[in-house]
Each structure stands twice: as C-alpha cells, then as structure tokens.
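Enquirer: fold the stuff below for me.
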Amino acid sequence: MIHTYKVTGMTCNGCKASVEKALSDLPDVDHVEVNLENQSATLKMTKHIEVKELQKALPDKYTLSEKETKNVFGSENSVNEKSELKQLIPLFLILGYISVASILLHRTTWNIESMMLDFMGLFYIVFSFFKLLDLKGFPESFRMYDPLAKALPAYGWVYPFIETVLGLFFLLRFQIDIALIVTLIILGITTYGVTKTLLDKKSIQCACLGTALKLPMTKATFIENAIMIVMAIVMLIRTYTA
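Expert: Next comes the predicted model:
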C-alpha cells in the first residue's frame, strides 16, 4: 500500500532528511521518499497508518496532510520513478573516474602501493567535495545511519573536513600510518551503520555523496566502504611487514 502526502515546512535538504528519518522510524513503514520540490512524501506501508499518527512523528515545524492514495502490489521498485541501478549511476561514474585517474598517474611505473594511495586520496577529496556542497543538509542525512554522528551531532559537521584532510595526507604522502588508522576507524563505524540499515531493510538516502545527489542506501554503499577498508588494511600490513 502506497500513500502520498503533502508536507509543508520543508525548506532545505536538511528538512527533507529530517522528515524521511522521522517517517522511516515508524513501524509498518517500509519505504519513504520525500520530494522537496513538490513538498510531498510517498510512503509504502504494510498497513494503513492514520494521518494524525504520521503528524505526531514529525517535528512541529512540518505539517502533513493526505494528498493521494494508491493500492499497489508488486516489487519495492514501484515506489521509485527510476530504478535503483539508474540512481546509482553517479556513484559508479565517480568511482570509475577515480580508478582511471589513479591508474593513469602510474601508467609508466605501475606502482600498486602508490596507485592505492592515490585512489584513497582522490576518493576522499571527491567525496568530501560533494558533502561540502550542502554542509547544512549533510549532517542530518549522515546521522540517519552513522552511529557516531547519531550520538555526537558535531561529528557530522566536521566529517567532510576530516575526509578532506585524509585525502591530502594520502596524496601528499604525509603521515600515511595515521591516515590509514583513522580510515579504518571512521569507515568501520560508518560500515557498521550501513550494514545495520541494510539488514533492517530501511530505505533511506545515502549521504556518501552528500545530499546534492540523491542516492539510495544499497549494497553498493557497503562495497564502496569495504574497498577503502580493505585497501587500508593491505597498506598497513605492507607498512609493518616491510
């Protein structure tokens, strides 16, 4: 069962993330998709939830009213206008460009270790750039699945800058050991949150590329973090066994 509601009071991506989280946390809600431009929220539910219950779950600044109701039986992809794969195209393109750039930088020497460091550096710089495009909205989206950002809101605000610093460390070959250890810690925490979200089958927006690009939380997010974690582990092993 899919219900579409009008939601007023949303002014930015931070508001959008806040509404999505509040509604996603409700029992019997399988999927939430909020459209900031149309001021609407589409919910897929296992059973009908009264408007007053939905309104009660939202912060006072938002007002929810019934707009349209549809009964739909089918796959979860019917909620989205675009398929999950199409929504992830920006992520695949960015990872592809970073991979090609890292390979081209070492096309003559073919140094695997240096190529991995450049990949990690470019990964952090590019991903932090997209997060900084909407620094106000990013923390709200990030705290929906990152345990540390949820417990310590300030962490969500500084996280894009942490990524920028780590990216520079890798690219400049400065304090590589520290950068690798920090990478394991912060991505380990995020990956735990992503894994829990996937296991709980919650449909929320991934903040890996900030809120400027709308990406669903999928297995691709887990794989993306896992690649960086594996690279960090390999580089630490090589460093301490050399």
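Enquirer: hey, where'd the helices end up in the chain?
Expert: Using DSSP state H, the helices of the chain run over 13-24, 51-57, 84-87, 89-105, 112-132, 138-142, 147-151, 153-172, 176-199, 219-241.
Enquirer: helices or strands up against the longest one?
Expert: Here helix 176-199 is seen to pack against helix 147-151, helix 153-172, helix 219-241 when contacts are counted using 3 or more C-beta pairs under 8 Å, 6 or more residues apart in numbering; DSSP states H and E. In this view, the C-beta of every residue, glycine as well, is placed from N, C-alpha and C.
Enquirer: give me the angle between it and helix 219-241.
Expert: Compare the direction of helix 176-199 with that of helix 219-241 by axes from the mean of the first three to the mean of the last three C-alpha atoms, to 10 degrees and you get 150 degrees.
Enquirer: next one: the fourth one
Expert: Inter-element angle recorded for helix 89-105 and helix 219-241: 30 degrees (by the same axes, to 10 degrees).
Enquirer: helices or strands up against helix 89-105?
Expert: Counting by 3+ C-beta pairs under 8 Å, 6+ apart, helix 89-105 packs on helix 112-132, helix 219-241.
Enquirer: coming back round to it: which of the helices and strands packed on helix 176-199 sits most buried?
Expert: helix 153-172 (a mean of 18; mean count of other C-beta atoms under 10 Å).
Enquirer: in the chain, where is pLDDT below threshold?
Expert: Counting by pLDDT under 70, the chain has low-confidence residues at 1, 67-85, 202-205, 211-218, 242.
Enquirer: looking at the helices of the chain, which is closest to residue 38?
Expert: Closest approach to residue 38 among the helices of the chain (C-beta to C-beta): helix 13-24, 11.2 Å.
Enquirer: measure how buried residue 15 is and give me the count.
Expert: The number of residues packed near residue 15 is 20, by other C-beta atoms under 10 Å.
Enquirer: turn the helices and strands packed on helix 89-105 into TSV, including distance to residue 6.
Expert: Output for the helices and strands packed on helix 89-105, formatted as TSV (distance: least, C-beta to C-beta, whole Å):
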stretch	distance to residue 6
helix 112-132	30
helix 219-241	30
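Enquirer: which one of those lies closest to residue 50?
Expert: With C-beta to C-beta as the criterion, residue 50 lies closest to helix 219-241 of the helices and strands packed on helix 89-105, at 33.0 Å.
Enquirer: what values do phi and psi take at the residue nearest to residue 114 when sequence neighbours are not counted?
Expert: Leaving aside its chain neighbours, residue 114 sits nearest to residue 106 (5.8 Å; criterion: C-beta to C-beta, 6 or more residues apart in numbering). Torsion angles at residue 106 (phi, psi; degrees, to the nearest 10) stand at phi -130, psi 30.
Enquirer: how much space between residue 106 and residue 7?
Expert: From residue 106 across to residue 7, the span is 50 Å (C-beta to C-beta, to the nearest Å).
Enquirer: more neighbours: which of the two?
Expert: Under the neighbour definition other C-beta under 10 Å, residue 106 and residue 7 were set side by side, and residue 7 has more, 24 against 15.
Enquirer: thought that one was touching residue 59?
Expert: No - using C-beta atoms under 8 Å, residue 7 is not in contact with residue 59; the gap is 11.2 Å.
Enquirer: phi, psi of residue 200?
Expert: Reported as degrees, to the nearest 10, the phi and psi values for residue 200 are phi -80, psi -10.
Enquirer: how far away is it from residue 35?
Expert: Applying C-beta to C-beta, the value for residue 200 to residue 35 is 24 Å.
Enquirer: these two: which has the busier surroundings?
Expert: More crowded of residue 200 and residue 35, by other C-beta under 10 Å: residue 35, with 15 against 10.
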